[in-house]
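Asks: attaching a predicted model along with its sequence, questions to come.
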Amino acid sequence: MEEPGEKGKRAGKTAVKRVVNDFVAGLSDEHRMLVVLKVQLYGGLWEPMLDDLKNRLAGKPYIFKLVNRINDDIERIKQMREFETKHDIDLAEFVELS
């Protein structure tokens with residue numbers, strides 16, 4: 001027999017999964033590239049990547065030269081980080097990293 005509230009929890013998880021899948025499906029190639037770089041170069045963290053981009057803009061030393069569209073990448077990262085926080089997920093688990 002099912003515990004009370006289990007059906008509601010499953011329905012909630014299904015709804016979140018659908019929202020996440022829809023979000024991932026709508027990511028541009030540039031967004032996907034940032035998720036891949038987050039995992040492969042920055043230990044799965046957004047903050048070091050943001051620091052690199054901001055340091056590059058400021059003419060300070062930086063670790064990795066990403067792309068010429070730094071401000072766009074910063075906005076993409078903010079958008080994806082907010083989505084991850086809101087849904088308590090890591091997009092790297094949903095974006096193909098190859």
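Replies: Arrived safely. These numbers come from a predicted model, not from an experiment.
Asks: just give the closest residue to E96, not the sequence neighbours.
Replies: Among residues not flanking E96 along the chain, R32 sits closest, at 7.9 Å (Cβ to Cβ, 6 or more residues apart in numbering). Heads up, the C-betas are built off the backbone N, CA and C, glycines and all.
Asks: what's the neighbour count on the one you found?
Replies: 17 (other Cβ atoms under 10 Å).
Asks: that one against V95, yeah?
Replies: Yes - at 5.4 Å, R32 counts as touching V95 under the criterion of Cβ atoms under 8 Å.
Asks: show me the contacts for I89.
Replies: Going by Cβ atoms under 8 Å, 6 or more residues apart in numbering, I89 touches 16, 20.
Asks: could you rerun that using 7 Å?
Replies: V20 (Cβ atoms under 7 Å, 6 or more residues apart in numbering).
Asks: what's the helix or strand for it?
Replies: I89 is part of no helix or strand, with elements assigned from DSSP states H and E.
Asks: what does K54 give?
Replies: With DSSP H and E as criterion, K54 is part of helix 46-57.
Asks: what packs against that helix?
Replies: If contacts are counted by 3 or more Cβ pairs under 7 Å, 6 or more residues apart in numbering; DSSP states H and E, helix 46-57 sits against helix 29-41, helix 70-87.
Asks: so which of those helices is nearest G12?
Replies: Among the helices and strands packed on helix 46-57, the nearest to G12 by Cβ to Cβ is helix 70-87 (11.3 Å).
Asks: in that closest one, what counts as buried?
Replies: Residues of helix 70-87 classed as buried: 70, 73-74, 76-77, 80-81, 83-84 (neighbour count, 16 or more other Cβ atoms under 10 Å).
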